[in-house]
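1. Need coordinates for the following:
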Amino acid sequence: MFGLGKIRLRGVDKKYICDDEHAEDYKSAPAIGRVRFGSLCFYYRDLGVKYYVPYNYIERAFIRISETKPDDSPAIYYYRLILVHAGKEFANLIFNKEKEADDALSKLSECAPDMAVGYVPPPGGRKPSFR
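-> Next up is the predicted model:
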């Protein structure tokens, strides 16, 4: 009645889709952490929302390592898979283990062979601000 139980996927254009083809692709896609590699699209979850991204939309991907130093404790590292389109980072997917992030980047580069891999500094050397 209200569409409960159906998979809703949000696209890079901010619109939602609920078609059976993408839902089945999402369900059958192999997963690494919060990301899935379907035959139609790349899928990920972020803040309770499921997103889909066509592989040809992703121009570049790389891993960024973030370090947090709690008081009187060893440092904690987070591994972020960053996806880039048109020179802008549009996805920041956090992994707790380095191997999972490396495996996700490797699998993504297999699924999207035209995608560039690696960090490219922005013009002027400034790190982009997230606002």
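
2. Helix or strand: which one has the residue of the chain positioned farthest from its centre?
-> Here the chain reaches farthest from its C-alpha mean at Asp72, the gap being 32.3 Å by Cα atoms, centre = their mean. Applying DSSP states H and E as the criterion places Asp72 outside every helix and strand.

3. ditto for Ser106
-> Remark: Ser106 resides in helix 98-111, with elements defined by DSSP H and E.

4. quick one: contacts of the next helix or strand after that helix?
-> Downstream of helix 98-111, the first helix or strand assigned by DSSP H and E is strand 116-117. The contact list for strand 116-117 (Cβ atoms under 8 Å, 6 or more residues apart in numbering) reads Glu59, Arg60, Ala61, Phe62, Leu105, Ser109. All C-beta atoms are positioned from the backbone trio N, CA, C, and that covers glycine.

5. State the number of residues packed around the residue lying closest to the fourth one once chain neighbours are set aside.
-> Translated: Phe62. Among residues not flanking Phe62 along the chain, Tyr119 sits closest, at 4.5 Å (Cβ to Cβ, 6 or more residues apart in numbering). Using other Cβ atoms under 10 Å, Tyr119 has 11 other residues around it.

6. If you count neighbours, what's buried in stretch 83-103?
-> Neighbour-count burial for stretch 83-103 flags Leu83, Val84, Glu89, Ala91, Leu93, Phe95, Glu100, Ala101 (criterion: 16 or more other Cβ atoms under 10 Å).
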